[in-house]
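K.L.:
what would the 3D arrangement of this be:
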Amino acid sequence: MSEAAHLVQYIVVPYRAAANGVAPGEIRPASSEFGAIRIANSMASKFAGVAAYEVLVDKETGDMESPRVLAQIGTVPALDD
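P.N.:
Residues are numbered from 1 along each chain as shown. Got it, this is the predicted structure:
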């Protein structure tokens, strides 16, 4: 994996209660690791769960890979590696 072809981004994913557990909501971008954790904490009371992640984004395809959990609050599904 070439570092030049990837960009580090921080995202927050809210999860809503669903019939089979939880379902992801709209991904929110953050400008830093601290910002992602702060956003996750501020959203926590409104959702079944919230997770903040650091991900590598392929500049050519936009695909997200190599997620690293920064924070998990409430019910959050496990990452499938």
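
K.L.:
ok, which stretches of the protein are strands?
P.N.:
6-18, 21-24, 28-30, 49-58, 64-74 (DSSP state E).

K.L.:
among these, which is the most enclosed?
P.N.:
strand 49-58 (a mean of 20; mean count of other C-beta atoms under 10 Å). In this view, the C-beta of every residue, glycine as well, is placed from N, C-alpha and C.

K.L.:
average pLDDT across that strand?
P.N.:
Strand 49-58 carries an average pLDDT of 96.

K.L.:
repeat for stretch 35-44
P.N.:
Mean predicted confidence for stretch 35-44 is 98.

K.L.:
on that earlier part again, mind putting the strands of the chain in a markdown table, distance to Ile37 included?
P.N.:
What follows is the strands of the chain, written out as a markdown table (distance: least, C-beta to C-beta, whole Å):
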| stretch | distance to Ile37 |
| --- | --- |
| strand 6-18 | 9 |
| strand 21-24 | 18 |
| strand 28-30 | 8 |
| strand 49-58 | 5 |
| strand 64-74 | 5 |
